[in-house]
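[1] give me a 3D structure for the following:
(chains A, B and C)
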Amino acid sequence: MSDAAPLLRVENLRKRFEQRELLNIASIDFAAGTSYVLTGDNGAGKTTLLRILAGLEPADAGVMRFSGREIGLADYPTWLRHEIVYVHQHPYLFDTSVAENIAYGLRMRGVAAVHVETLVADAMTWGNLESLRNTPPGNLSCGEKQRVALARAWILRPPVLLFDEPSANLDQEARRQTSALIQRAVDGNNCVVVASHDHEIINLPHMRRLHLVDGVIK
Amino acid sequence: MNIWEATREAFALLFSGNAELWRIIFISLRVSLTALLIATPCAILLGYGLATFRFHGRRALVVVLQSMLSFPTVVVGLILYLLFTRRGPLGDFHLLFTQDAMIIGQAIIAFPVLAAFTLAAVQGADGRIRETALSLGASNWRAALTTLREVRFGVMAGVFNGFGRVISEVGCSMMVGGNIADVTRNIPTAIALETSKGEFAQGIALGVVLIAVALGVNIALSVVQGSGGLKS
Amino acid sequence: MRTFSWRGALLLCFLLAFAAPILTAENVLRLEMTTTTEDSGPLKFLLPAFEKTKGMKLRTTIGGMGQMLKFARNGDVDTVLTHSRSDEEKLIEDGFGIARFDVMYNDFVIVLPKEDPARIRGLTDAKIALGKIMQAQATFVSRADESGTHRAEQRLWREAGFTPQGSWYLRTGSGMGEVFANERGGYTLTDRGTLVQQRKNLELELLLPGEPKIPNQYGVIAINPKKYPYVNANGAARFVDWIVSLKGQRHIAEYKIDGQQPFFPNAKLR
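    Sure, this is the predicted structure:
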């Protein structure tokens, strides 16, 4: 395993904001079939790292490789977005329906309508969302929104899933449900990276821990 | 003549089934709605682009766009007149004093309103909308459509405003349309004519007609817009 | 305390500067004229001369004939300078004006496009020309706005015994008859003052002035203070007296555009 090229590798990644150094990472490898939990205090750079990996924010310097292919961080390629999917800490749900939100990525990938229907039904079962099928997203609780967002990303089965603080600000029951979903999202072939300081998630089995302190991996 | 007499006369005219009146209403609607149809897609794209992308000269463009909101319609008419007159650079197209010229003028007048409202709506939109769309695999183009759909109320406010501006403008229509009976006479130029003739009651009556027409169009647009769910 | 904002103060100053009360003078006379009168230039020569000699300030309203007559009937102005005799006489008859005086005249002319599809070039009688235009169904632009010019045109058709109708008879309510005729290669009726003023912008020819002329008589009326006690009757009287005086009449006669005299004074000197 260790001889093969890692699924995702980052080298010499640097990111500054004004005078402050947000990230300074010599090297991290993310292997296929392994899942990671990214810990660290608020402001340690967890969110910034995930957003750079997702191509939502540029890095000042650094190289990223996906399956050995070098990616220019200044010009994030569109094809990579089909491989790496990011979920916000407080996810935004489109003003449509729960089912349409979950179907969004499939539609963007041009999946035929018949397949979309079965895949969405499947993802609703996965996320325990069947009862919410026709609820307007505005009427969902925070925990329910988070589950919709996780299902919306999971349905795409990308090689890399990035979850940013998925259980923050949730009540006990919602946190339990969320971490259960994250555990189910790890299927042994993909690579799930979760930023969190929630022990429910940190203590999930088979999670490798990466600890960030002031933008540096310890 | 007092305002009550004028209003009474207005309603009498409205319910008399006057063919010329209906022709004027038809011309008004045809010109203004066509102009909106032409201006809206480009204006929305420009507004979205200005709100979303950072590029050189962006701020200058925004300022120009916002100043164009106070561009007098008659000046738009004058500029078009100079282009369309027989001796002008576009004189060979014989556009002057046609409905097409009025449509072009009104599209120009509506454009900054539509673009500025879209700009404000998209700028005020939640930044996560576009990021979510992109991360779920949307192209830039699809992400734009998704964002615009999410802020459709702000964009539609621009359409309502743009419609209000063109359906009621008189300066440009008069200048490039020429207020020809049954050809380029719309409600505002008809009002201007009645006023200059001293037929104030007719003018008020047409004003009431204009308001009724605007009400009808706004109701239709509201139906198109639909009702949105609660925003989180 | 941070309640004071420089930006706010600046904005306030800005607004105040523009909201400053408009100065009101005692000697303000409200005069109204029709658009045609304004088009042919008297504002530029006659009115400043009056203001200078009499030390009065004129506030001139310009608009369509009907609108101006309505304003006069509502006492919104002090004195009126128009060119539709029948309407003016009606104003006196109904008691809104004190008296009407001739001031000046010129004549209406038919202008023709270069192409001259109805072949009226060289004709001298306007009525025969109208008949040929109608026969040829050549574009004729009517102002159709009840202005003095439009009234004269209607009278001319009537006297010639025709009723113009059809797509060739273009009714434009825009007060831009000459511009229209120029664009569309059509015929139209206009007054010589306007034509002289706009000549340089037009490619139209003048139908050679012949007999009988189509007169365009301008009259002045002071609004009756018995109807509206608040009108500036004194100022109106001074304006009327001045414009029909030798001095005022001379100003009219001396005014020329490109060497052509647009107006001929014809007040009966008292």
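[2] CA atoms for contacts and neighbours, from now on please.
    Will do.
[3] let me know the average pLDDT across the longest strand seen in chain C.
    Criterion DSSP state E: the longest strand present in chain C is strand C:97-112. Here strand C:97-112 scores 91 as its mean pLDDT.
[4] again, but for stretch A:102-119
    94.
[5] do stretch C:70-90 as well
    90.
[6] name the residues of it that are buried.
    Across stretch C:70-90, burial judged by 16 or more other C-alpha atoms under 10 Å in any protein chain shown covers C:70-73, C:75-85, C:87-89.
[7] and those residues, which of them are in helices?
    Within the buried residues of stretch C:70-90, residues falling in helices by DSSP state H are C:70-73, C:85, C:87-89.
[8] make CSV from these and add distance to B:Val159 to it.
    As requested, these are arranged in CSV below (distance: C-alpha to C-alpha, whole Å):
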residue, distance to B:Val159
C:Lys70, 38
C:Phe71, 38
C:Ala72, 42
C:Arg73, 42
C:Arg85, 49
C:Asp87, 46
C:Glu88, 48
C:Glu89, 51
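[9] and the two most separated of those?
    The span of these, defined through C-alpha to C-alpha, is set by C:Phe71 and C:Arg85 at 17.0 Å.
[10] which positions in chain A make contact with chain B?
    Residues of chain A found near chain B (C-alpha under 8 Å from any C-alpha of the partner chain) are A:54, A:56, A:78, A:81-82, A:84-88, A:91-92, A:94-96, A:104-105, A:108-109, A:136-139, A:153.
[11] of the buried residues of stretch C:70-90, list those near chain B.
    For chain B, the contacts drawn from those by C-alpha under 8 Å from any C-alpha are C:Lys70.
[12] which stretches of the chain form helices?
    Let's take chain A. With helices called from DSSP H, chain A shows them at A:46-53, A:78-81, A:98-108, A:113-126, A:142-154, A:172-185, A:199-202.
[13] try chain B instead
    For chain B, the helices defined by DSSP H cover B:3-14, B:19-52, B:58-68, B:73-84, B:99-123, B:127-135, B:140-150, B:152-168, B:171-172, B:187-196, B:200-225.
[14] not counting its neighbours along the chain, what's nearest C:Ala222?
    Excluding the flanking residues, the one nearest C:Ala222 by C-alpha to C-alpha, 6 or more residues apart in numbering or on different chains is C:Thr79, at 4.4 Å.
[15] list the residues that contact that neighbour.
    Listed by C-alpha atoms under 8 Å, 6 or more residues apart in numbering or on different chains, the contact partners of C:Thr79 are C:29-32, C:72, C:220-223, C:236.
[16] looking at these, state which has the most neighbours.
    Using other C-alpha atoms under 10 Å in any protein chain shown as the neighbour test, the contacts of C:Thr79 are led by C:Ile223, with 31 neighbours.
[17] for that residue, which non-adjacent residue is spatially closest?
    C:Gly97 (4.4 Å).
[18] and for C:Met104?
    Excluding its sequence neighbours, the residue lying closest to C:Met104 (C-alpha to C-alpha, 6+ apart) is C:Pro265, at 4.0 Å.
[19] quick check on that neighbour: phi, psi?
    Reported as degrees, to the nearest 10, the phi and psi values for C:Pro265 are phi -70, psi 140.
[20] mind listing what B:Val113 touches?
    Applying C-alpha under 8 Å, 6+ apart to B:Val113 gives the contacts B:69, B:158-159, B:161-162.
[21] report the two of these separated the most.
    Farthest pair in the contacts of B:Val113 (C-alpha to C-alpha) is B:Leu69 and B:Val159. Separation: 13.8 Å.
[22] just want to know which of the two has more residues nearby.
    Remark: of B:Leu69 and B:Val159, B:Val159 carries more neighbours, 26 against 17, as counted by other C-alpha under 10 Å.
[23] burial measure for the closest residue to chain C within chain A, as a count.
    Closest approach between chain A and chain C, counting by C-alpha to the nearest C-alpha: A:Glu18, at 28.3 Å. Using other C-alpha under 10 Å, A:Glu18 is surrounded by 7 other residues.
[24] phi, psi of it?
    The phi/psi pair for A:Glu18 (degrees, to the nearest 10) reads phi 50, psi -120.
[25] do you know how far it is from chain B?
    When distance is defined by C-alpha to the nearest C-alpha, to the nearest Å, A:Glu18 is 19 Å away from chain B.
[26] in strands only, show me the residues of chain A next to chain B.
    Among the residues of chain A next to chain B, DSSP E puts A:84-87 in strands.
[27] let me have these in TSV, extended by neighbour count and distance to chain C.
    TSV is the format used below for these (neighbours: other C-alpha atoms under 10 Å in any protein chain shown; distance: C-alpha to the nearest C-alpha, whole Å):
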residue	neighbour count	distance to chain C
A:Ile84	25	47
A:Val85	28	46
A:Tyr86	28	43
A:Val87	27	42
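[28] now for the residues you listed: which two are most distant?
    Between any two of these (C-alpha to C-alpha), the greatest distance is 10.3 Å, for A:Ile84 and A:Val87.
[29] need the residues of the stretch 1-150 of chain C near chain B, please.
    Counting by C-alpha under 8 Å from any C-alpha, the residues of the stretch 1-150 of chain C close to chain B are C:63-70, C:145-147.
[30] which of the residues you listed tops the neighbour count?
    C:Met65 (29 neighbours).
[31] I'd say that one and B:Lys197 touch.
    Yes: assessed by C-alpha atoms under 8 Å, C:Met65 is found in contact with B:Lys197 at 6.2 Å.
[32] where do the contact lists of these two overlap?
    Common neighbours of C:Met65 and B:Lys197 are listed as C:146-147 (criterion: C-alpha under 8 Å, 6+ apart).
[33] now stretch A:94-105: how far from the chain's centre is it?
    18 Å (C-alpha atoms, centre = their mean, to the nearest Å).
[34] who touches the helix or strand of chain A with the lowest mean pLDDT?
    Lowest mean confidence among the helices and strands of chain A (mean pLDDT, DSSP states H and E): strand A:216-217, at a mean of 85. Residues outside strand A:216-217 that contact it (C-alpha under 8 Å, 6+ apart) are A:23-25, A:210-211.
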